[in-house]
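>>> Provide a 3D model corresponding to the input given below.
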Amino acid sequence: MNTTSKENAIYYHGTKADLKTGDLIEIGFSSNYGTKRKAKYIYLSATLEAATWGAELAFGEGKERIYMVEPTGPIEDDPNLTDKKFPGNPTKSYRSQHPFKVIGEVTEWTGHSEEQLKTMKEHLEKLKQQGIEAIED
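Take a look at the predicted model:
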């Protein structure tokens, strides 16, 4: 387990949840992805690109949002990406069982094209049909 603690790093969390500065993002709620089971981990990234995917692919009808967050405890490399898709963690994606405190919202960001979104959603659907979860705890 690679536990990370990077001081002065800016972290992002993409979602469709309507949050305010000071709110905590915590485990135990239904996941934004996969089978929507209760989340054992919460996820964040040090890249706006990864957070953009998080906002765009999250379940729900709410507005896509990207929040700047501050971990309240240790974070570790996200094995859903680093162990399978991007060795070395170039996406700077992490997870934790400790809450993230919302410290602000990114109000200006550019989403992916309709074609990119369609391709990603088709890929995730194929994985689902094969019984492969997008998020594995």
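
>>> which secondary element of the chain has the worst mean pLDDT?
In the chain, no helix or strand scores lower on mean pLDDT, DSSP states H and E than strand 3-4, which sits at a mean of 46.

>>> can you pull out the strands in this protein?
Counting by DSSP state E, the segments of the chain that form strands are 3-4, 11-15, 24-25, 42-45, 65-71, 75-77, 93-96, 100-106.

>>> Burial-wise, tell me which of those comes out on top.
strand 42-45 (a mean of 26; mean count of other C-beta atoms under 10 Å). Where you see a C-beta, it was placed from the backbone N, CA and C, and this is true even at glycine.

>>> same for it, what does it pack against?
Counting contacts by 3 or more C-beta pairs under 8 Å, 6 or more residues apart in numbering; DSSP states H and E, strand 42-45 packs against strand 11-15, helix 48-57, strand 93-96.

>>> Using a markdown table, lay out the ones you listed together with distance to Gln129 and mean pLDDT.
Formatted as a markdown table, these follow (distance: least, C-beta to C-beta, whole Å; pLDDT from 0 to 100):
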| stretch | distance to Gln129 | mean pLDDT |
| --- | --- | --- |
| strand 11-15 | 25 | 95 |
| helix 48-57 | 17 | 91 |
| strand 93-96 | 24 | 90 |
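
>>> As JSON lines, those with distance to Glu125 would be great.
Converted to JSON lines, these look like this (distance: least, C-beta to C-beta, whole Å):
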{"stretch": "strand 11-15", "distance to Glu125": "20"}
{"stretch": "helix 48-57", "distance to Glu125": "11"}
{"stretch": "strand 93-96", "distance to Glu125": "21"}
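
>>> Nearest to Gln130, out of the ones you listed?
helix 48-57 (17.9 Å; C-beta to C-beta).

>>> Please name every helix or strand in contact with the closest one.
strand 11-15, strand 42-45, strand 65-71, helix 114-129.
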